[in-house]
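Undergrad: Need a 3D model of the sequence below.
(chains A and B)
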There are 2 protein chains.
Amino acid sequence: MSSIEQKSANAIRFLSMDAVQKANSGHPGAPMGMAEMAYALWHNHLSHNPSNPNFFNRDRFILSNGHASMLLYSLLHLTGYDVSVDDLKNFRQLNSRTAGHPEHGYIPGIETTTGPLGQGITNAVGFALAEKMLAAEFNKDDFSIVDHYTYTFMGDGCMMEGISHEACALAGTLKLNKLIALYDDNAISIDGDVSGWFTDNTKQRFEAYQWNVIGPIDGHDIEAVSKAIAEAKTQSEKPTLIICKTKIGKGSVSKEGSEATHGAPLGDAEIAAIREKMGWTSPAFETPEDVATHWDAKAKGLAAEQNWAAAFAQYETKYPELAKEFLRRMNMALPENFNEIIANAMTEVNAKGESIATRVASKNALDALASHLPEIVGGSADLTPSNNTFFKASKNLDIATGEGNYVRYGVREFGMAAIMNGLALHGGFIPYGATFLVFSDYARNAIRMSALMEQKVIYVMTHDSIGLGEDGPTHQPVEHVESLRLIPNLNVWRPADTVETMAAWASGLTSDKNPTLLALSRQKLSFQPRTAEALANIAKGGYVLKENANAKATIIATGSEVELAMKAAEARDDIRVVSMPCVELFRANDATYKTSVLGNLPVLAVEAGTTRGWYEFADAVIGIDTFGASAPAEQLFEVFGFTVENIHQHIDQLIQK
Amino acid sequence: MSSIEQKSANAIRFLSMDAVQKANSGHPGAPMGMAEMAYALWHNHLSHNPSNPNFFNRDRFILSNGHASMLLYSLLHLTGYDVSVDDLKNFRQLNSRTAGHPEHGYIPGIETTTGPLGQGITNAVGFALAEKMLAAEFNKDDFSIVDHYTYTFMGDGCMMEGISHEACALAGTLKLNKLIALYDDNAISIDGDVSGWFTDNTKQRFEAYQWNVIGPIDGHDIEAVSKAIAEAKTQSEKPTLIICKTKIGKGSVSKEGSEATHGAPLGDAEIAAIREKMGWTSPAFETPEDVATHWDAKAKGLAAEQNWAAAFAQYETKYPELAKEFLRRMNMALPENFNEIIANAMTEVNAKGESIATRVASKNALDALASHLPEIVGGSADLTPSNNTFFKASKNLDIATGEGNYVRYGVREFGMAAIMNGLALHGGFIPYGATFLVFSDYARNAIRMSALMEQKVIYVMTHDSIGLGEDGPTHQPVEHVESLRLIPNLNVWRPADTVETMAAWASGLTSDKNPTLLALSRQKLSFQPRTAEALANIAKGGYVLKENANAKATIIATGSEVELAMKAAEARDDIRVVSMPCVELFRANDATYKTSVLGNLPVLAVEAGTTRGWYEFADAVIGIDTFGASAPAEQLFEVFGFTVENIHQHIDQLIQK
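TA: Residues are numbered from 1 along each chain as shown, chains lettered A, B, ... in the order given. Predicted structure coming up:
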């Protein structure tokens, strides 16, 4: 019945339904609905090299509706990536490479982890922005070393999520013309036909964002989709949305077009009936040879990479310094002398001994460290003057040319965070972005995704406690520092002064497998003099700031409470003080070091945030377990018990126990 | 120079700049920019009674750009609410009623707390939805007992935030024609002129949402704004957006139109210059008598309420039962026999002794309890079949008539949560809404706002751990239960079986000052038999599930780990087990009770989530401090150490210490 094109699309369908059936778990409906779209893009347009998934100049493909993971796994398998039939058979099983949702790092070819809806399209905006900025930096009139498209598939869920508004509005403003999104417009979500809850005119919506919109077209018409993509590629200013009308579970005999195909296996009988209807005689997991041959993209991919490599060799000859820098950047290697730069900066900031807000110290750290990093790309969700993120080497992104290293994200915290994930994943950049700490809530799941994907993304979160004062409870983080510490693999720093802030930035810039979050004060904090040993130990996350042979108790403090703890310790002679700017790094030390820091005396923790977490190390805690209040900061600290007297009372009680 | 209208608008300007100046902190630019809009709405249209801010049928006004708090305080003061000049002079001071951002409950007339951008407009959608649903329930052909508008002011920040997409798209779909939003389109945000990061065609965007859009009009033209509002009020199907072009800091001599007016006092010299320019001779905080008289809305408000009261008296005569129910609902009183209903439901569910997933038990609890509550309004962010939130008395909201008690929110977690806050704040409803627990991240700041505003909102969060299995790390909450526990004033329940689930719902429905969040299992959990005492103590948040005179250690467990703890305790004779479904409520008990539960033996906590928090009560913890994995649930629990053997090993170590 079928052309080779249609059979190739159907091969995706069968692999997807077979794998879901075997796993007895998964989502067959979306891969079946997008099979033709996938064929049109992956066979006719996508430039990639299955034999080298890291081929730099490949087009990026992001499956924003990540529950359609079997679509991606099928495509990787069929085009020739290192994804075997056994991998497909192990879909969703323990330790398999084919997880329930596409997990970056599990299999080459997964550009980003998707599943949390709306974040894939937002990552894609980051990828496209990275391409635009790298092209501006490295391309020459005679060489387009950086020249690829970013494609994404997205569904109704992505369209409904708020983050799609943030990402797509900004993509239009930034004129990311090489971003091409294909919208799987099947009008079905888990609750059923979307007409009761989703009635956007999406074409009109995206035109309002300054996008080029094609369609609606028939998403099952390979030629129509392919033609639309070809048209999109000619855009010189606008990102393109191709609206593809599809049927979820397309091909299913009894369930096509129904939400019943979304999140459960179709059943053996139904799959058999589909095989019969389509005349598909291959057994489960087997692809007919002609189809397999037709899909194989290895030769084409190799040629694409060889072409690029030949051009790059010429580029290297003509622009050796630039080529070297390009390779360094794409390998995510820091400049060779960067450790020295850090050491000098630490010495200098320590010698200077300034008492300033850590948000200001953060800008100074950027001046000292990031000025040496062309890969840095900063930004703020419209709080630049408050976050102090525009440093001396910052240059606003020029939308026309793609030059610059500072992005004005607008009031879009979640979008900013997920775009930064895309920038980091693309390669070539270390992104940092800022907002008030309390609004980390808005971005929280993207911060989690940075951590899950082990990306070097740096979050600059200022106004870190009641210390912000008059803006009041809605703006005062209370639970945030502790709640962020709970995200696995995220390093949360709450520095006490200029020196710890420099150390925090150094840690963030050199941690290759962790995102870092800096919680910084609005208000001025006192510089703390340190021994050489203490100075060196900051990097361990927690260290003895004040030792005391007569001590009967230890105070652990972070951030703005360190100077208070020091005051309390200086007022009498039986207290030692530990500063613990990064709990995660402290916890990673060996037991000997940890014991040497924590000691065996009673421990009081002091932090202007929720108390519960501190019982890991402390016997008592001075903290805040209610919401804050609107008033000048000094008054608030007193009202909430952050006084020398209260610390002494607590210490006395601990000692008497 | 000025008409009384213009002088009245200017009165807002001067009060705002004077108060910010005196506080030496705050946001003068927005109130100055919206002064004419505020006059047009509050003087010419808004139906309210300053002498009774709770007049039920008042129009609701929500200041979504909450940093313009002085606009609202000025309006409340000028129209005759209990807001004195001294209150204005105490702006942003400790214990004052005029906090930095408008805080619900501090002053009558603040319908909702705003400041976190985008949430005010979303609350407003909830208010308008509440009005529509109440009207459908209580109005009769001859009586429009429920008949008011919901107005909101919103700025560029609200427009950029993703949640504005979720809220406004849904408002269009739900045809909330009595929602009227005035957009303060000043094209300035904190980073400056928005043209570099915000280029939406907002008119086109909102038309894509099926809104009626008026403008752009001149937002400083009182007559034009007033006329637009009048036109908006005639809409029978669509919500209306009025785009008002304004200048931030309008009236400022040297800073009009600049972001410099946004977040800092203008300075005494500038204010003096403005007084001079406008011919404003009144000293700071004083309003000229003619302007004060012109603004006074007490008589008009009293008349409005008296009219309504007269109609309601007739309604009461004709429909006594309905009137009684209406008053009960608006007083947020539960049905008189509700404690009895709870007691019976507890007895019944305990007698039944079913072993089912707690997400299924949650539906049963809704059947048993919520069926008796016409005020319940449920929903899900497009996961109804997975969340089990559509119970036997659920009826889909009929968009045409407003009838029904179940809202299909679409894939809009944050929007759902903030809309629920609006439903609760309006009065007449107890909202509950659902998603997967991991996506509480998306809604997190709105959950925080429920807690800050002490609203009875119930969050149904299913798929609460690695126990969801194959969907993998992106969908498996690890840090979420603990991180939600950190939000002040939020009760987080993680029930172990059908009985605890019933108790959790009972707690949520009867807690007048707390939102409640239920973390529920996807997988089946074993029923736990209990003594009468244990049964009664569930409501205390933590209780002894298995006492043991020979015990040498105590296990504290929650949710799915309770049955594991019980298995471990049954396999040997030296363990007692505490179930602690709600840490917050447990902590609120007196010391005697807490000691009786915690005991003085070594304590092991077991929970399939991050460990750090449990050191508050425990000496050791079995938990998960990494991300999860994609595999069948039973295998995951084993891999992550949730086995009887591992528990016994930990207990042995604790005992030997």
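
Undergrad: which SSE is A:Ala434 in?
TA: Assessed by DSSP states H and E, A:Ala434 sits inside strand A:430-436.

Undergrad: tell me what the helix or strand following that strand is packed against?
TA: Note on strand A:430-436: by DSSP H and E, the next helix or strand toward the C-terminus is helix A:440-452. On a contact count with 3 or more C-beta pairs under 8 Å, 6 or more residues apart in numbering or on different chains; DSSP states H and E, helix A:440-452 meets helix A:119-138, helix A:413-426, strand A:458-462, helix A:480-485, helix B:440-452. C-beta here means a position set from N, CA and C on the backbone, and glycine is covered the same way.

Undergrad: most packed of the ones you listed?
TA: helix A:413-426 (a mean of 30; mean count of other C-beta atoms under 10 Å in any protein chain shown).

Undergrad: Restricting to C-alpha, output that one in CSV.
TA: Provided in CSV are the C-alpha atoms of helix A:413-426 (Å, rounded to 0.1, in the frame of the first residue of the first chain):
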residue,chain,number,x,y,z
GLU,A,413,12.3,34.1,35.6
PHE,A,414,11.3,30.6,34.5
GLY,A,415,12.0,31.3,30.8
MET,A,416,15.4,32.8,31.7
ALA,A,417,16.4,29.7,33.7
ALA,A,418,15.3,27.2,30.9
ILE,A,419,17.0,29.4,28.2
MET,A,420,20.2,29.2,30.2
ASN,A,421,19.9,25.5,30.3
GLY,A,422,19.7,25.6,26.5
LEU,A,423,22.7,27.9,26.3
ALA,A,424,24.8,25.6,28.5
LEU,A,425,23.7,22.4,26.6
HIS,A,426,24.5,23.9,23.2
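
Undergrad: ok, back up a step: now the angle between helix A:413-426 and the strand holding A:Ala434, please.
TA: 170 degrees (axes from the mean of the first three to the mean of the last three C-alpha atoms, to 10 degrees).

Undergrad: tell me the secondary structure for the residue nearest to A:Glu616 when sequence neighbours are not counted?
TA: Using C-beta to C-beta, 6 or more residues apart in numbering or on different chains and skipping residues adjacent in sequence, the residue nearest A:Glu616 is B:Tyr615, 4.5 Å away. Put simply, B:Tyr615 is helix when judged by DSSP: H, G, I helix; E, B strand; the rest coil.

Undergrad: unless I'm mixing things up, A:Lys89 is touching A:Gln21, no?
TA: No: counting by C-beta atoms under 8 Å, A:Lys89 stays clear of A:Gln21, with 10.8 Å between them.

Undergrad: higher neighbour count, the two?
TA: When A:Lys89 and A:Gln21 are compared for neighbours, A:Gln21 comes out ahead with 19 against 16, by other C-beta atoms under 10 Å in any protein chain shown.

Undergrad: any idea how far that one is from chain B?
TA: Distance, A:Gln21 to chain B, by C-beta to the nearest C-beta, to the nearest Å: 13 Å.

Undergrad: check which helix or strand covers that residue.
TA: With DSSP H and E as the test, A:Gln21 turns up in helix A:4-23.

Undergrad: and the next element down the chain from that helix?
TA: Helix A:4-23 is succeeded, C-terminally, by helix A:29-33 (DSSP H and E).

Undergrad: Name the residues of the stretch 51-200 of chain A found near chain B, please.
TA: Selection of the stretch 51-200 of chain A residues close to chain B by C-beta under 8 Å from any C-beta of the partner chain yields A:66, A:92-96, A:99-101, A:103, A:113-117, A:156-157, A:160-166, A:169-170, A:172-173, A:189-191, A:194, A:196-200.

Undergrad: one more time with 7 Å
TA: A:92-94, A:99-101, A:103, A:113, A:115-117, A:157, A:160-163, A:165-166, A:169-170, A:172-173, A:189-191, A:196-200 (C-beta under 7 Å from any C-beta of the partner chain).

Undergrad: before we move on, what about the stretch 351-500 of chain A?
TA: Near chain B, when you scan the stretch 351-500 of chain A using C-beta under 7 Å from any C-beta, you find A:382-385, A:408-412, A:414-415, A:439, A:441-442, A:444-445, A:448, A:452, A:470-475, A:478-479, A:482-483, A:486-488.

Undergrad: what does the strand holding A:Ala434 contact?
TA: A:373, A:375-381, A:383, A:387, A:389, A:409, A:413, A:416-417, A:420, A:423-424, A:456-463, A:475, A:509 (C-beta atoms under 7 Å, 6 or more residues apart in numbering or on different chains).

Undergrad: Partner strands of that strand, with direction?
TA: Strand A:430-436 has the following strand partners under DSSP bridges: strand A:376-380 (parallel), strand A:458-462 (parallel).

Undergrad: Including mean pLDDT, could those strands go into CSV?
TA: Compiled in CSV, the strands paired with strand A:430-436 are given as follows (pLDDT from 0 to 100):
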stretch, mean pLDDT
strand A:376-380, 98
strand A:458-462, 98
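
Undergrad: State the number of residues packed around A:Ala299.
TA: 12.

Undergrad: repeat for A:His43
TA: Residues near A:His43, counting by other C-beta under 10 Å: 21.

Undergrad: I'd like the helices and strands packed on helix A:440-452 as JSON lines, with distance to A:Ser84 appended.
TA: Conversion of the helices and strands packed on helix A:440-452 to JSON lines gives the following (distance: least, C-beta to C-beta, whole Å):
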{"stretch": "helix A:119-138", "distance to A:Ser84": "25"}
{"stretch": "helix A:413-426", "distance to A:Ser84": "25"}
{"stretch": "strand A:458-462", "distance to A:Ser84": "38"}
{"stretch": "helix A:480-485", "distance to A:Ser84": "39"}
{"stretch": "helix B:440-452", "distance to A:Ser84": "34"}
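
Undergrad: mind checking which of these is nearest B:His650?
TA: The closest of these to B:His650 is helix A:480-485. By C-beta to C-beta, the value is 23.1 Å.

Undergrad: Please report the distance of the closest residue to A:Phe143 other than its chain neighbours from A:Leu369.
TA: In space, and not counting its chain neighbours, A:Phe143 is closest to A:Tyr315: 4.7 Å by C-beta to C-beta, 6+ apart. Separation of A:Tyr315 from A:Leu369 (C-beta to C-beta, to the nearest Å): 29 Å.

Undergrad: And for A:Ala443?
TA: 23 Å.

Undergrad: ok, back up a step: give me the average confidence score over the helix holding A:Gln21.
TA: For helix A:4-23, the mean pLDDT works out to 97.

Undergrad: In the stretch 101-250 of chain A, which residue sits closest to chain B?
TA: When scored by C-beta to the nearest C-beta, the stretch 101-250 of chain A has A:Gly162 as its residue closest to chain B, at 2.6 Å.
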